[in-house]
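[1] how would this look folded up:
(one chain, ligands or ions: 1)
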Amino acid sequence: MCMRVQSATRVTRFYDPDTATIIIPAGLCPTLTLRAVTAAVAELHLPMEGDTPLCWCGEPLTVSGLIPRQRDGEDEHGAA
Ligand SMILES: [Zn+2]
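    As a prediction, this is how the structure comes out:
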C-alpha cells in the first residue's frame, strides 16, 4: 500500500498505520506542509530524495490536493 498524505483540521496522530496515511494539520502554508510531511517521513524512516519525501516504494510522496488552491483555476481533483 502506498503512503498517502492527508490534511486534517484536528490531528491526533501524525500517522495512521491502518490506511498508511501521514496526517498533517490543515491550513499550513506549502513550506510548513512540506516540513510537517518531512518530519513525519523521518519519524517513519521513509527515504528522502533531496528535499522530496518518498514512499516505501521509492515514489515521491505527492502532497497535491493537500494545499487548498485559491487562485489556481478549477483543476482540483479528488476533493470529495
Ligand atoms: Zn508507494
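[2] CA atoms for contacts and neighbours, from now on please.
    Fine.
[3] Which residue comes closest to the residue of the chain at minimum distance from the ion once chain neighbours are left out?
    At 3.6 Å from the ion, residue 2 is the closest residue in the chain, using Cα to the ion. In space, and not counting its chain neighbours, residue 2 is closest to residue 55: 6.5 Å by Cα to Cα, 6 or more residues apart in numbering.
[4] thought that neighbour was touching residue 5?
    No. Contact between residue 55 and residue 5 fails when scored by Cα atoms under 8 Å: they sit 10.2 Å apart.
[5] Can you check which residues contact both of the two?
    Here residue 55 and residue 5 have residue 61 as joint contacts, going by Cα atoms under 8 Å, 6 or more residues apart in numbering.
[6] What count of nearby residues applies to the residue nearest to residue 2?
    For residue 55, the tally of surrounding residues (other Cα atoms under 10 Å) stands at 18.
[7] and it, what is it in contact with?
    Contacts of residue 55 by Cα under 8 Å, 6+ apart are 2, 3, 46, 47, 61.
[8] Which of these are buried, as a PyMOL select command?
    Filtering the contacts of residue 55 down to the buried ones (16 or more other Cα atoms under 10 Å) takes a single PyMOL command:
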select buried, resi 3+46+47+61
